[in-house]
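*Asks:* Fold the stuff below for me.
(one chain, ligands or ions: 1)
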Amino acid sequence: MPEKKVHKMAARSVVMPAKAMWRSYFRKKPTRVITILLFRDAKTYKHWAKKLYKNTDPPYFGYYRPGDRTMVMNIATGTGTLVHELTHALIVYDFPAVPLWFNEGLASLHEGCRVLPDKIIGVVNWRLPALRKAVRSKRLRPLRELVTRKDFYGRQRGLNYAQARYFVMYMQKRGLLQKFHKHFRDNHRGKDAAVKAIEHVFDAKLEKIESDYLKWVMTLRWRSR
Ligand SMILES: [Zn+2]
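*Replies:* Next comes the predicted model:
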């Protein structure tokens, strides 16, 4: 990529969202360097993922390698995935034991967002239609299952992302996300910790929160461009 473009992207899609996340959620900053490799198109991305990391089938948008704290991105697909993976890279310093549903829910919220100096606001994105379809056909798993079982990357993976993303977005809409993050981070031990933390910040029972959440989901609309 031309140098000027790299600098612009670093300022807008790395530094600005990182600062917003530190201001909103994370007290602790990384203690080690995180490397971000941005490639201008699919061809160069695939070439270097193979050459550097022997990855012959990298995900479409990009991915994060927690082992050496390296993000590898095809930036032609947009900057959404960059902010998604950046969230994973930063959250672990503040909340090392963060459960997958919340880690992926917050990261996915940030893949479609408006970045302001002190906060990141999630907007409706491509993950909505699958969620609405599952709600309509009564196929969506109970929220209690999503936040207590350890099968996020299992069979329902795609739908788990959507359900977690929009639940995190719902907490943001209700003005409870910051409070939830802090409370859950400090009280995450135990099998039902997530349920207790959600009920604590909403001051209601999970089933009532879930029913309001699903009603809200059905009011959202997404149009692909
Ligand atoms: Zn992710």
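
*Asks:* From now on I want contacts and neighbour counts done on CA atoms only, so please keep to that.
*Replies:* OK.

*Asks:* So which elements touch the helix ranked longest in the chain?
*Replies:* Scanning the chain for the longest helix, with DSSP state H as the assignment, gives helix 157-173. Packing contacts for helix 157-173, counted by 3 or more C-alpha pairs under 8 Å, 6 or more residues apart in numbering; DSSP states H and E, involve helix 100-109, helix 128-136, helix 177-186, helix 206-217.

*Asks:* Whichever helix or strand comes after the second one: how far from the chain's middle?
*Replies:* Okay, so that is helix 128-136. Next helix or strand after helix 128-136 toward the C-terminus (DSSP states H and E): helix 143-148. Centroid separation for helix 143-148 versus its chain: 17 Å, with C-alpha atoms, centre = their mean, to the nearest Å.

*Asks:* Which elements pack onto helix 143-148?
*Replies:* Helix 143-148 sits against helix 193-202, with contacts defined as 3+ C-alpha pairs under 8 Å, 6+ apart.

*Asks:* For the helix it packs on, buried residues please.
*Replies:* If you call a residue buried by 16 or more other C-alpha atoms under 10 Å, then helix 193-202 has these buried ones: 193-202.

*Asks:* ok, residues contacting it?
*Replies:* For helix 193-202, contacts defined as C-alpha atoms under 8 Å, 6 or more residues apart in numbering pick out 144, 147-148, 176, 179-180, 183-184, 187-188, 205-206, 209.

*Asks:* quick one, what contacts the spatially most central residue of the chain?
*Replies:* Centroid-nearest residue in the chain, with C-alpha atoms, centre = their mean: residue 107, separated by 1.3 Å. Applying C-alpha under 8 Å, 6+ apart to residue 107 gives the contacts 83-88, 165.

*Asks:* so which of these comes closest to residue 51?
*Replies:* When these are compared for distance to residue 51 (C-alpha to C-alpha), residue 85 wins out at 21.2 Å.

*Asks:* Return the list of helices and strands in contact with the helix or strand where residue 49 lies.
*Replies:* Residue 49 is part of helix 42-53 when elements are defined by DSSP H and E. With contacts defined as 3+ C-alpha pairs under 8 Å, 6+ apart, helix 42-53 has these neighbours: strand 70-74.

*Asks:* before we move on, back to that, got the contacts of helix 193-202 as TSV, with pLDDT columns?
*Replies:* Listed next are these as TSV, based on pLDDT from 0 to 100:
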residue	pLDDT
144	97
147	97
148	96
176	98
179	97
180	98
183	98
184	98
187	97
188	96
205	98
206	98
209	98
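
*Asks:* Mind giving me the ChimeraX command for buried ones among those?
*Replies:* Selecting only the buried entries of the contacts of helix 193-202 in ChimeraX, with 16+ other C-alpha under 10 Å as the criterion:
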select :147,148,176,179,180,183,184,188,206,209
